[in-house]
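Chemist: give me a model of this one.
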Amino acid sequence: MKKDPNVVKRLKEIVGKGIVLGCMALMAQSASAAVLKPALLAKAAPDECFNGVGEAYLPLNPNSQTYEQDVQNCINGGYQPKVNQAYVWGLANTEAYVWFGTAPNTLCLVNGTYHQQSEPTLNDSWVCELSESQYPLYLETNLPFHPDLDPMLNEIGLGDWRIPKIYRYNKATGENEDISPMSDPKFLMTLGIRSAGTHNGVVFFAGPGFGGEGLSVNMFAFKDDANHTYRGSHSFAEYSNIRKWIVVGDDLYTAVGDQNNTGRVLKWVGDANDPFEFVEVGRLPGSGAELAYHEGRLFVTTWPGSELQDESPSVAGVYMSPIVGEGLSESNATWQEIWKASEYEPDPVVAATYGGGAIASFDGQLYWGTMHVPMVATMAAVSVYDINTSDEEAMTDTMLGTHRAISIFRASDIVADGNATVELLYGEEMLPQYNRLTKSFEDVPNNMGTAPLWGESGFGNTFNNYTWTMEVFKDRLYIGTMDWSYLMTEMVGDMNISLPPELSFLLSYEVNNGADLWRIDGSTKKAVAENTTGIGNYGSYGIRTMVSDADHFYLGMANPMNLMTDVTDNKPEGGWELIQMDEKVSTGGGGGCTYNPNADKFDMMFFVLLALSALYPWRRKLIR
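Modeler: Have a look, this model is predicted:
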């Protein structure tokens, strides 16, 4: 088949420019010292004996006195230990403890919901049983709290869901204690603990709840005392999602999504005896996500409505509160917009799929980044632009034309009406936009009409797709990403693919797998790669959460590689990790452009085109 030169050209631009310049940047930075040293505080343990797709669920209990023998019996029986708790999804810090909640098998949940996948997937690193999972049936038999759980979970793509966990890590003793309220029915119907916050001696955990009429926000409260006294739970049926919390002055705030695909900002007005009292202090046109306090105001990034909806009324943006002063008052007013994704992204369909990422105030300016769920923009373009899915070149053009890595922005001189000086720090001067006349994607200037100030999107890595976290620690801004390159390493690595001559240039490019941690040392200094290897575990594709105090910086890692549990092989282990980062005095680089030697000699960049195709629902690799 004749190769469309425009497709080859675009692939070279994405990979050749993004990866090569990214590698050059990282190699140039390798002489820069990483300023932090990591220490692993706690790690997810295998909690299931996996005996095949669609087979009976066999639990392992890490809290059991016979756990080690149970794991060995699983192995001796020819089965495989499996770790289901994947993310540190919510993270909070108090004087004596680090508190966190988990999310289970998140990669599988995304595949079952966003990508509407129903058939199982199995490879060396992870398994998604999806509609063939027997876990819902196990719950109905052993925890009969919901008579329709089995068909409901499979219907909404959550066959791989597991009950999440809540932990408290003791900073003095190093003990990591499971404090999950397993006797609370609301906890047993919570998708995951996506959110954590603390103030005035109370620690909150929250996440999307399911059952009944749809998603809600389930919230759980503990006292910050030696006994982690449980203060109960509450389900907010009017809300559908929640992410981050922030303390400003003497008030605790959080942002939520509601049932109308819009958002709210809440202020806590309760106490330890009556913890679930909140008032709404602002409205948002999309689901509220991340928060920051900057120059006397709160700022919130948004997502375009509910994440499980096919359509949404708004694009992602950044919104500003009135002056906080002594605390925001109850209000139903919509906060002031200062930026939205369509001010940068020229293709309206792609713009509608952006999510608002992490946001932080640093060195007198407001920084934020974008979020891009892999392949969602492609699926949206196929639907809106009526792309012929049987036309290989049209689909290739669409996948490449809609692919976006993260962009990083900052704003200064923000005034009350929302006007601000917004700069593009990392992004693209030219972006693909669909032309309905030529029925193809063509490069056009971004809607800001400017080149990036510091570098290419994704910090030069086209697989950095989430700006997941930002935190200021010791007068430096740290940015944590999701890097999905290892997913493609596994999905494409064992495919028997011959490379067309036009794309042979791909064989020369290599890149680190694992989440990136970047730092900005000042407003006039480009970002430096602190670490680009998942903090030493390439299965950790994301730095999902961050908190800090005066002396320590804590990272909550996202690692859904649920079959990477063999401690005798040359691979790291899957499942969440809690990592402490401390300042160090050292030389040596945090970046680099070296390939992971444990990936069976498969170059992750071997064939980006088919790797992208592998993630598309009708071309995914299925195992039955």
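
Chemist: the closest residue to Pro208 other than its chain neighbours and Val281, how far apart?
Modeler: Sequence neighbours aside, Leu191 is the residue nearest to Pro208 in space, at 4.3 Å (criterion: C-beta to C-beta, 6 or more residues apart in numbering). In this view, the C-beta of every residue, glycine as well, is placed from N, C-alpha and C. Using C-beta to C-beta, to the nearest Å, we find Leu191 at a distance of 26 Å from Val281.

Chemist: same question, Ala360
Modeler: The spacing between Ala360 and Val281, counted by C-beta to C-beta, is 21 Å.

Chemist: now do the SS call for the residue nearest to Ser457 when sequence neighbours are not counted.
Modeler: Excluding the flanking residues, the one nearest Ser457 by C-beta to C-beta, 6+ apart is Ala405, at 4.1 Å. Per DSSP: H, G, I helix; E, B strand; the rest coil, the secondary structure class of Ala405 is coil.

Chemist: that older thread, the residue nearest to Pro208 touches Ile156, doesn't it?
Modeler: No: applying C-beta atoms under 8 Å, one finds Leu191 not in contact with Ile156, separated by 10.0 Å.

Chemist: the more surrounded of these two?
Modeler: For Leu191 and Ile156, the more surrounded residue by other C-beta atoms under 10 Å is Leu191, and the numbers stand at 21 against 16.

Chemist: check contacts around the more buried one.
Modeler: Contact analysis of Leu191 by C-beta atoms under 8 Å, 6 or more residues apart in numbering lists 103, 109, 158, 161, 164, 207-210, 215.

Chemist: so what's the residue count around Asn227?
Modeler: Other residues within reach of Asn227, judged by other C-beta under 10 Å, total 8.

Chemist: likewise the one 5 residues further on?
Modeler: Using other C-beta under 10 Å as the criterion, Gly232 is surrounded by 13 other residues.

Chemist: okay but it is in contact with Ala221, surely?
Modeler: Yes: taking contacts as C-beta under 8 Å, Gly232 lies within contact range of Ala221: 6.4 Å.

Chemist: quick check: next helix or strand after the strand or helix carrying Pro38?
Modeler: Remark: Pro38 resides in strand 36-43, with elements defined by DSSP states H and E. Reading on from strand 36-43 to the C-terminus, the next helix or strand found by DSSP H and E is strand 48-50.

Chemist: who touches that following strand?
Modeler: Where contact means C-beta under 8 Å, 6+ apart, the residues beyond strand 48-50 that reach it are 57-60, 70-71, 74, 77, 79-84, 127, 563.

Chemist: what do Gly232 and Ala221 both touch?
Modeler: Jointly contacting Gly232 and Ala221 under the rule C-beta under 8 Å, 6+ apart are 275-276.

Chemist: the strand holding Pro38 packs against which elements?
Modeler: The criterion is 3 or more C-beta pairs under 8 Å, 6 or more residues apart in numbering; DSSP states H and E, and the helices and strands that strand 36-43 contacts are strand 166-170, strand 528-531, strand 553-558, strand 577-583.

Chemist: distance between the third one and the chain's centre?
Modeler: Averaging C-alpha positions (C-alpha atoms, centre = their mean, to the nearest Å) puts strand 553-558 12 Å from its chain's average.

Chemist: can you list the buried residues in it?
Modeler: Of the residues in strand 553-558, those scored as buried under the neighbour-count criterion (16 or more other C-beta atoms under 10 Å) are 553-558.

Chemist: just name the closest of these to His372, please.
Modeler: Closest approach to His372 among the buried residues of strand 553-558 (C-beta to C-beta): Ala558, at 15.5 Å.

Chemist: ok, now which ones touch the closest one?
Modeler: Residues counted as contacts of Ala558 (C-beta under 8 Å, 6+ apart) are 86-88, 106, 468, 482, 515, 540-544, 576.

Chemist: which ones among those lie within helices?
Modeler: Thr106 (DSSP state H).

Chemist: mind putting the contacts of Ala558 in JSON lines, neighbour count and pLDDT included?
Modeler: Written out in JSON lines, the entries for the contacts of Ala558 read as follows (neighbours: other C-beta atoms under 10 Å; pLDDT from 0 to 100):
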{"residue": "Ala86", "neighbour count": "33", "pLDDT": "98"}
{"residue": "Tyr87", "neighbour count": "29", "pLDDT": "98"}
{"residue": "Val88", "neighbour count": "31", "pLDDT": "98"}
{"residue": "Thr106", "neighbour count": "23", "pLDDT": "96"}
{"residue": "Trp468", "neighbour count": "25", "pLDDT": "98"}
{"residue": "Met482", "neighbour count": "25", "pLDDT": "97"}
{"residue": "Ala515", "neighbour count": "32", "pLDDT": "97"}
{"residue": "Ser540", "neighbour count": "32", "pLDDT": "98"}
{"residue": "Tyr541", "neighbour count": "29", "pLDDT": "97"}
{"residue": "Gly542", "neighbour count": "28", "pLDDT": "98"}
{"residue": "Ile543", "neighbour count": "31", "pLDDT": "98"}
{"residue": "Arg544", "neighbour count": "28", "pLDDT": "98"}
{"residue": "Trp576", "neighbour count": "28", "pLDDT": "98"}
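
Chemist: mind listing which of the contacts of Ala558 are in strands?
Modeler: Filtering these for membership in strands, criterion DSSP state E, returns 86-88, 468, 482, 542-544.

Chemist: and the furthest pair within the contacts of strand 48-50?
Modeler: By the measure C-beta to C-beta, the contacts of strand 48-50 have their two most distant members at Asp70 and Val127, which lie 19.7 Å apart.

Chemist: looking at these two, which has the bigger crowd around it?
Modeler: Neighbour count, other C-beta under 10 Å: between Asp70 and Val127, Val127 has more, with 22 against 18.

Chemist: where does the stretch 301-450 of the chain have low pLDDT?
Modeler: When the per-residue scores of the stretch 301-450 of the chain are filtered using pLDDT under 70, the ranges that remain are 305-313.

Chemist: what of the chain?
Modeler: Filtered on pLDDT under 70, the chain yields the residue ranges 1-32, 144-151, 211-213, 305-313, 491-511, 585-624.

Chemist: gap between Thr113 and Phe187?
Modeler: When C-beta to C-beta is the yardstick, Thr113 and Phe187 sit 21 Å from each other.

Chemist: circling back: phi, psi of the residue nearest to Ser457?
Modeler: Backbone torsions of Ala405, given as degrees, to the nearest 10, read phi -90, psi 170.

Chemist: just checking, it touches Asn464?
Modeler: Yes: with the criterion set as C-beta under 8 Å, Ala405 and Asn464 qualify as a contacting pair; they are 5.3 Å apart.

Chemist: these two: who's more crowded?
Modeler: Set Ala405 next to Asn464 and count neighbours by other C-beta under 10 Å: Asn464 wins out with 29 against 26.

Chemist: so the nearest residue to the more buried one once chain neighbours are set aside, which state does it fall into?
Modeler: If you skip the residues right next to it in sequence, Asn464 has Gly458 as its closest partner in space, 3.8 Å away by C-beta to C-beta, 6+ apart. When the structure is split into helix, strand and coil by three-state DSSP, Gly458 lands in helix.

Chemist: neighbours of Gly458, how many?
Modeler: Counted with other C-beta under 10 Å, residues neighbouring Gly458 total 26.

Chemist: need the distance between the two termini of stretch 274-291.
Modeler: With C-alpha to C-alpha, to the nearest Å applied, stretch 274-291 spans 25 Å between its terminal residues.
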